[in-house]
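Visitor: here's a sequence, model it:
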Amino acid sequence: MKTLKSFALFFVMSLFVITSCQGPKGDPGRPGKDGNANVQSGTVTVTAEDWVWDGNGCNWYLDLEWDAIDYDMVDYGAVLVYMENPGKDFYAWHQLPLTLYPSDQYSATLETVYYDYAVTIYWTNSDLQKHQNPCDFYNSDMEFKVVLIDAVLYSKYQNEDLSNYETVKKLFNITAEENLFQNSVEASR
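Guide: Sure, this is the predicted structure:
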């Protein structure tokens, strides 16, 4: 009988300790923010010397190498590339692929191809003629932002509008201090 009383007392004390150690409950309508441990981002500035003309493909291209772009990222995650508006008429980051209208006679389309450890950006003019180097045409260096999202996190947010860089920045808590791309990228010359 003494063992049963001891067990009952132990059980009651355990319940008391367990229930008294709980902290305040969070607001179910306001879940916490996702961290960005599974997101890497960065900005790269390219100059006219970084672009290469490919006469066979009739386009300018640019290779950006980054060891964080691996097969899993390319096949299952997301590699998002944004370009700052080179016309400077208004400030905005635009996701690639993107079509610009640099003149009344033709348009230019920017597309991306992802490889293991690199992304290539192609600049193709609609008339398939060799026009000025993109940086020379805009008389400015150009900036690109690259955001890498791992597969698990990407699957959670693939229904969000990830074409808007400001949305991506807010969703994944991207800050300038976490800019890993700047130190890791090499534009091919």
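
Visitor: what segments of the chain are strands?
Guide: Assigned by DSSP state E, the chain shows strands spanning 39-46, 52-54, 59-65, 78-84, 93-95, 98-100, 108-115, 118-125, 142-149, 186-187.

Visitor: kindly format the C-alpha coordinates of the first one as PDB.
Guide: So the one you mean is strand 39-46. Extracted in PDB, the C-alpha atoms of strand 39-46 (Å, rounded to 0.1, in the frame of the first residue of the first chain):
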ATOM      1  CA  VAL A  39      18.600  30.400 -48.300                       C
ATOM      2  CA  GLN A  40      21.700  32.000 -49.700                       C
ATOM      3  CA  SER A  41      21.700  35.300 -51.600                       C
ATOM      4  CA  GLY A  42      24.000  37.800 -53.100                       C
ATOM      5  CA  THR A  43      24.600  40.500 -55.600                       C
ATOM      6  CA  VAL A  44      27.200  40.700 -58.400                       C
ATOM      7  CA  THR A  45      28.100  43.700 -60.400                       C
ATOM      8  CA  VAL A  46      29.200  43.000 -64.000                       C
END
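
Visitor: could you give the angle of that strand to strand 142-149?
Guide: 160 degrees (axes from the mean of the first three to the mean of the last three C-alpha atoms, to 10 degrees).

Visitor: repeat for the third one
Guide: Taking the same axes, to 10 degrees, one finds that strand 59-65 is oriented at 50 degrees with respect to strand 142-149.

Visitor: tell me which strands strand 59-65 pairs with, and in which orientation.
Guide: Strand 59-65 pairs in its sheet with strand 52-54 (antiparallel), strand 118-125 (antiparallel), strand 186-187 (antiparallel), by DSSP bridges.
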